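Q: turn this into a model:
(2 chains)
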Amino acid sequence: MNDNPTSTNVYTVSDLTRTIKRTLEGRAEFNNLWVKGEIFNLTLHSSGHIYFSLRDDNAVIAAVFFRYANRNLDFKLKEGMNVLALGSITVYEKRGSYQINVSLLRPEGVGDLQRRIEMLKQTLLKEGVFDPARKRPIPVFPRRLGVATSPTGAAVRDIIKVALRRYPNIEIVIAPAIVQGAEAPVSIARAIEELNRPEYRIDCIIAGRGGGSFEDLMPFNEELVVRAFYNSLVPIISAVGHQVDHPLCDDAADLAAPTPSAAAELAVPLKDDLAGEVDYLHIRATNAMALLLRDFKARIEWVLSRRVFMDPFEIVNRREQELADMTNQMLFTLKDLVSRNRNRLLMISDIRMLMKNILTGKKNSYTLAIKALDQLSPLSVLGRGYAIALNKDENVIRSVSETAAGDVLKLLLSDGSLQCSVNSIYPGGHHGKEKNG
Amino acid sequence: MEKKKTAKSAADKADRIDFEKALKQLEEIAAALEEGDLGLDESIRKFEQGMRLAKFCREKLDEAERKIEILQKAEGGKVAARQVEVDGESGEIANEDDLQGSLL
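A: This next block holds a predicted model:
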């Protein structure tokens, strides 16, 4: 340690940097080393050189991938991608920075991912997610088709095109989904879940995307997506374009198609085929019925050829005789009944006569009794020519002494009354002399 | 309101399986008539039922109306279906740039 600067122990920046450069670049382990990390700050320069950084959770290293080296790159570099880089450490003096000069780049974790997929597959297999017994048949006739995919990709266009060609009046409901990258799994699962809502009345779902690299298809190997296929209540067809390894969602779906177009072919029937099927069954039923009718007609003709139909009057004649017999029998019975009851009927009329006589006798006695009663009434006495005299107070006058000359009397006759004045009074008998005053 | 909805979707569900059911019944009737073991009355009854089923199936086939809808998230996070025009030849959705890419 030397605390004091002298002419010999002070570096220029260039000298120091050159020393660092020599030290780093001179070490064998910094040449042609493999390093893995995530790409960020990716710049595809117009010169053809590629600049980016590699990072992990704690550190960052700059990387340069020159045009002559990146010429054979066989995959598309993307931000966030994990890669394996072969290269050597170099120091860029002008910026005082070190970097890795990349000569070869590979997508990292392909091996890791495949191990992860295999592990997930085993877990889900044990759970029964891939159980072939739970796979449901795809409906023969889906009136409303659900599609979970990107609304702008080739997949959605292929599905629409094929579906409309096969069934021109089909109804399609598209649930948009991001089909690659970090957001894809949750987005695809969400789209499938949404299409399961009963108000959309979806008969069958197609979920997937067009073909792509292993990484592109990776979301369809994610547990979230595989489970969304498994949990779909609506029958679901997986439609992920692939050549070699099929994604895990294929095993959880009710049906797996190698491409979106193939999925649409499987999901949507040819309308003409269905109409043809209906026509075919219609014709079969009609022909069978025509045959049956011919059969029944033949049987009816055979029955009609029997005797009863050939000589129908035989039975009529027989019945007619029976009818005549029965009529005679009935008439005889009726006559017998009438004659037996005739005597009883005569007796009954005698009783009526007797009753009539009795009643006539009673009526006569009654008339006589009424007449006798009439004789006793004072009114009938008047009828014989007598009169009753009443004073002005309507009291009966029994003696000439009860009256005086000039009194007004009332005489009751049998059919009315008279008002009279007393002129003279003659006491003593019917023809007495006039009494004086 | 909720009840009505349930009833409607249940009815709709019954409606949907009907095409397949009707086609299956029609096939059974055709087979039964071909067997020829039924009486005249029963045969005529089955035949008439078969003719009704055939008519029903044809009506079902024409019932759906060509319609393409895309689900989009409206304000408040509610998802609603929006009808879109498509080119039948290419399957391309008109104005696809205006569409949301996901329901997230």
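Q: got phi/psi on residue 59?
A: By default, I'm working from chain A. Backbone torsions of A:Ala59, given as degrees, to the nearest 10, read phi -150, psi 160.
Q: burial of it, as a residue count?
A: Using other Cβ atoms under 10 Å in any protein chain shown, the number of residues around A:Ala59 comes to 8. Where you see a C-beta, it was placed from the backbone N, CA and C, and this is true even at glycine.
Q: gap between it and A:Lys363?
A: Remark: distance between A:Ala59 and A:Lys363 (Cβ to Cβ, to the nearest Å) = 150 Å.
Q: ranges for the helices of chain B?
A: Assigned by DSSP state H, the helices in chain B fall at B:2-35, B:40-63.
Q: tell me which of the ones you listed sits nearest to A:Met326.
A: Among those, the nearest to A:Met326 by Cβ to Cβ is helix B:40-63 (36.2 Å).
Q: what about the closest one, average pLDDT?
A: Mean pLDDT, helix B:40-63: 90.
Q: output that helix as CSV, nothing but the C-alphas.
A: Output of helix B:40-63 as CSV, limited to C-alpha atoms (Å, rounded to 0.1, in the frame of the first residue of the first chain):
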residue,chain,number,x,y,z
LEU,B,40,-101.7,-50.7,-38.2
ASP,B,41,-102.7,-48.0,-35.7
GLU,B,42,-99.3,-48.0,-34.0
SER,B,43,-97.5,-47.9,-37.4
ILE,B,44,-99.6,-44.9,-38.6
ARG,B,45,-99.0,-43.2,-35.3
LYS,B,46,-95.2,-43.7,-35.5
PHE,B,47,-95.2,-42.7,-39.1
GLU,B,48,-96.9,-39.4,-38.4
GLN,B,49,-94.5,-38.8,-35.5
GLY,B,50,-91.6,-39.5,-37.8
MET,B,51,-92.9,-37.0,-40.3
ARG,B,52,-93.2,-34.4,-37.6
LEU,B,53,-89.6,-35.1,-36.4
ALA,B,54,-88.2,-34.8,-40.0
LYS,B,55,-90.0,-31.4,-40.3
PHE,B,56,-88.6,-30.3,-36.9
CYS,B,57,-85.0,-31.3,-37.9
ARG,B,58,-85.2,-29.3,-41.1
GLU,B,59,-86.5,-26.3,-39.2
LYS,B,60,-83.7,-26.6,-36.6
LEU,B,61,-81.1,-26.7,-39.4
ASP,B,62,-82.3,-23.4,-40.7
GLU,B,63,-83.0,-21.8,-37.3
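Q: that helix: how far from the chain's middle?
A: How far helix B:40-63 lies from its chain's middle: 18 Å, per Cα atoms, centre = their mean, to the nearest Å.
Q: and if you look at stretch A:217-229?
A: 33 Å.
Q: tell me which of the helices of chain B sits most buried.
A: Among these, helix B:40-63 has the highest mean neighbour count (mean count of other Cβ atoms under 10 Å in any protein chain shown), at a mean of 16.
Q: by contact count, what packs against that one?
A: Contacts defined by 3 or more Cβ pairs under 8 Å, 6 or more residues apart in numbering or on different chains; DSSP states H and E place helix B:40-63 against helix A:271-304, helix B:2-35.
Q: next, the angle helix B:40-63 makes with the first one.
A: In this case it means helix A:271-304. Helix A:271-304 and helix B:40-63 meet at an angle of 170 degrees, taking axes from the mean of the first three to the mean of the last three Cα atoms, to 10 degrees as the criterion.
Q: for chain A, which element, helix or strand, carries the lowest mean pLDDT?
A: Counting by mean pLDDT, DSSP states H and E, chain A has its least confident helix or strand at helix A:378-383, which shows a mean of 64.
Q: next SSE after it?
A: strand A:388-390 (DSSP states H and E).
Q: that next one: how far from the chain's middle?
A: Here the centre of strand A:388-390 is set off from its chain's centre by 110 Å, with Cα atoms, centre = their mean.
Q: ok, now stretch B:35-43?
A: Worked out by Cα atoms, centre = their mean, stretch B:35-43 lies 32 Å from the chain centre.
Q: which residues touch that stretch?
A: A:Ala288, A:Met289, A:Leu291, A:Leu292, A:Asp295, A:Phe296, B:Ala32, B:Leu33, B:Lys46 (Cβ atoms under 8 Å, 6 or more residues apart in numbering or on different chains).
Q: spit out the contact partners of the fifth one.
A: Pointing back at A:Asp295 there. B:Gly36.
Q: repeat the analysis, applying 10 Å as the threshold.
A: B:Gly36, B:Leu40, B:Ser43 (Cβ atoms under 10 Å, 6 or more residues apart in numbering or on different chains).
Q: can those residues go into CSV with extra columns for distance to A:Phe30?
A: Putting the contacts of A:Asp295 into CSV (distance: Cβ to Cβ, whole Å) gives the following:
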residue, distance to A:Phe30
B:Gly36, 92
B:Leu40, 99
B:Ser43, 93
